[in-house]
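Colleague: Quick check, what structure comes out for this input:
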Amino acid sequence: MKLSRAFWQTYKEVPADAEVPSHQLMMRAGLIHKSGAGLYNYLPFGLKSIQKVERIVREEMNRAGSQELLMTMVTPGELWKSSGRWDLMTEMLKFKDKRDSDVCLSPTNEEAIVDIFSKGVKSYKELPCNLYQVNTKFRDEIRPRFGLLRSREFIMKDAYTFHTDKACLDNIYDEMFKAYERILMRIGLEFVAVKADAGAMASSDSKTHEFQVIADTGEDDLILSESGYAANIEKAETKRSPLDWNKDQKEISSVDTPNMATIEDVCNFLKSPQHHSLKSLVYKGVSGDEETFVLAMLLGDDELNELKLNSYLGTDHILAATDNELKELQLEKGFIGPYGLKKELKVVFDGEVNLDASYVTGANENDKHFEGFVPSRDTKDYEVCSLRTARVGDLDIESGKPVYMKKGIEAGHIFQLGDKYTKSMKVSVLDQNGKTIHPLMGCYGMGITRVVAASIEQNHDDKGIVWPVAIAPADVHFVVIAKSDETKEIAEKTYSELLNSGIDIVYDDRKAGPGFKFKDADLLGLPFQLVLGERDFKEDGLLKINRRVDGATLKVKPEEVATKLSELLKTQLALEDNTVTDKPSDPFGGA
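Modeller: Have a look, this model is predicted:
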């Protein structure tokens, strides 16, 4: 591609709404164009990277035995109503067609694939069934941001599997897990597969993993340890480092704590460490029209993990109790505790609370707290479960090693759905005994456009993007600084030879100065830059090759350029591809 004929424009200024590097660089490098809030057009160079990710994804899905199909982006509302999700999916764009029928732009396709499956599969002999698509999706987020990392319209690969039993589901799930690993490894991304919360997509006890690309700008907090433990903070189960407990078994007593409604204030006043106090939080669990109030109890310096509480209660969702609801429960905001409750309330202690230790807790009276509260002694009915949010300084439950935290960008998410959708949509097959069963399902999503953006988050510098070979918009950026016709002829000949050798080359033949050309080359960030500078070429008759990732250089004769670049591209791809175990030596002499 000659840039003099290309549809490509770069920009010096960073867009005002671009907060993260991938958004800034994709806009500045002319990869995407914003058409509206969370809506982006994929421009030629951006589209080429997207298509390269799609190719890798398709190859690995096919390797895993999945078959590609393509579902409609617009789906009938009746399918969503049959699963019970029509009124629950708040990020779904719904509208009426000209027949006054409910339709929507699909944010996901469980209902559609179940409908397709139901028309074609009737017997266990046709299972397992593994289908995938690469398609445009739409989620009507109120506050889209971060460019392609969190856009409203995006390209996604979603796969769905159907099974007769859990053993079959586990087997295919493991195969798809490996396929996801291979996709990200082939691109050369640093990532980790973490245990994740099943959320609304599956039952709470289902196996589910997120594939998180490590990046400082990631929205997800990941809890990791040297033992290999890895979980999203929403799901992480850790234990606290050993604590000193207050074992004083004195009788419970009231103490005045005027205007002290926070644990920090109360513990400073009483000269007591915060883990010698208990945090009391009142929540409302909602399931349909039913509401249940619960008092969640944690150590004073711990934070509640709302997902854990919701999962434990088995409710649709939970909400913090309002001031009016606290008054109805006869609880005093800022001074709540489990002792002396005036109205019946489910009490749940976090598993890290030592039930035989003594604590400071609210006295359910304004400006008063209790000292000497011992849960096992002073609470009649209570339950215990994991409620706290894991944090740095905790210990891995299995190995006892300290955990640490990294930020991640969710590039893929795989679930075991069970029979949630086949059962709700009344889809069944006959098993080997002629009995009707609802097949079990797996769901496997990967954000194609998000992978491109995540790669940039991980691979950039102060000059611009640093593309991995596997998904770069092109292989080589050919920068020519020439005035004489002779040098221009050499450039044209070199360009033709590179094209004929199968190298995807961007030839900067524009009438512009060297500074402008090199800045654009660094901004676009192709793996290699081939430089033909008239002055240097006249001195030594050589062209220079720069490797974008580290600036390493070497010189080559004109007749050897195509062969050398082909070798360098092959070697660099192998160096970056983490599925390759037998790494070649670095031709630039790097480590």
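Colleague: need the strands for the stretch 351-500 of the chain, in chain order.
Modeller: Using DSSP state E, counting those that start in this stretch, the strands of the stretch 351-500 of the chain run over 359-362, 368-373, 383-385, 395-396, 403-418, 429-430, 436-437, 440-447, 476-481.
Colleague: Can you list the buried residues in the longest one?
Modeller: By neighbour count, and taking 16 or more other Cβ atoms under 10 Å as the criterion, the buried residues in strand 403-418 are 403, 405-418. Glycine gets a C-beta too; all of them are placed from N, C-alpha and C.
Colleague: How is the chain divided into domains?
Modeller: Domain assignment for the chain by automatic domain parsing gives 17-68+122-229+405-457, 253-385, 474-576.
Colleague: out of the buried residues of strand 403-418, which one sits closest to Ile183?
Modeller: Gly412 (7.8 Å; Cβ to Cβ).
Colleague: what's that closest one in contact with, if anything?
Modeller: 180, 183-184, 210-211, 444-447 (Cβ atoms under 8 Å, 6 or more residues apart in numbering).
Colleague: before we move on, what about Glu190?
Modeller: Per Cβ under 8 Å, 6+ apart, neighbours of Glu190: 213-214, 458.
Colleague: any low-confidence regions in this protein?
Modeller: Along the chain, the model assigns pLDDT under 70 to residues 198-205, 590-591.
Colleague: How much space separates the spatially most central residue of it from Glu567?
Modeller: In the chain, the residue lying closest to the centroid (Cα atoms, centre = their mean) is Glu410, at 1.0 Å. Remark: distance between Glu410 and Glu567 (Cβ to Cβ, to the nearest Å) = 37 Å.
Colleague: cool, Ile456 as well?
Modeller: Relative to Glu567, and taking Cβ to Cβ, Ile456 is found at 27 Å.
Colleague: who has more neighbours, these two?
Modeller: Ile456 (28 against 13; other Cβ atoms under 10 Å).
Colleague: what sits against the closest residue in space to the more buried one that isn't next to it in sequence?
Modeller: Spatial nearest neighbour of Ile456, excluding adjacent residues (Cβ to Cβ, 6 or more residues apart in numbering): Ser22 at 4.0 Å. The contact partners of Ser22, taken as Cβ under 8 Å, 6+ apart, are 146-149, 217, 453-454, 456-457, 460.
Colleague: Next, format those residues as TSV and append distance to Asn433.
Modeller: Shown next, in TSV, are these (distance: Cβ to Cβ, whole Å):
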residue	distance to Asn433
Phe146	52
Gly147	53
Leu148	49
Leu149	49
Thr217	53
Ala453	49
Ala454	47
Ile456	53
Glu457	52
His460	58
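Colleague: Which members of those are classed as buried?
Modeller: The neighbour-count test (16+ other Cβ under 10 Å) marks 146-149, 217, 453-454, 456-457, 460 as buried among these.
Colleague: Of these, which belong to helices?
Modeller: Within these, residues falling in helices by DSSP state H are 453-454, 456-457.
Colleague: I'd like those residues as a markdown table, with distance to Leu440 appended.
Modeller: As requested, those are exported to a markdown table (distance: Cβ to Cβ, whole Å):
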| residue | distance to Leu440 |
| --- | --- |
| Ala453 | 33 |
| Ala454 | 31 |
| Ile456 | 37 |
| Glu457 | 35 |
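Colleague: wait, isn't Asp273 in contact with Cys267?
Modeller: Just so we're on the same page, residue 273 is Pro rather than Asp. Yes - Pro273 is within contact range of Cys267, at 6.7 Å (criterion: Cβ atoms under 8 Å).
Colleague: So which of those two has more stuff around it?
Modeller: Applying other Cβ under 10 Å to Pro273 and Cys267 shows that Cys267 carries more neighbours, namely 20 against 14.
Colleague: wait, the more buried one sits on His276?
Modeller: Yes - in terms of Cβ under 8 Å, Cys267 counts as a neighbour of His276; the distance is 7.4 Å.
Colleague: longest helix of this structure?
Modeller: helix 166-187.
Colleague: chain center to that one, what's the gap?
Modeller: 17 Å (Cα atoms, centre = their mean, to the nearest Å).
Colleague: That helix to strand 440-447, inter-axis angle?
Modeller: Helix 166-187 runs at 10 degrees relative to strand 440-447, counting by axes from the mean of the first three to the mean of the last three Cα atoms, to 10 degrees.
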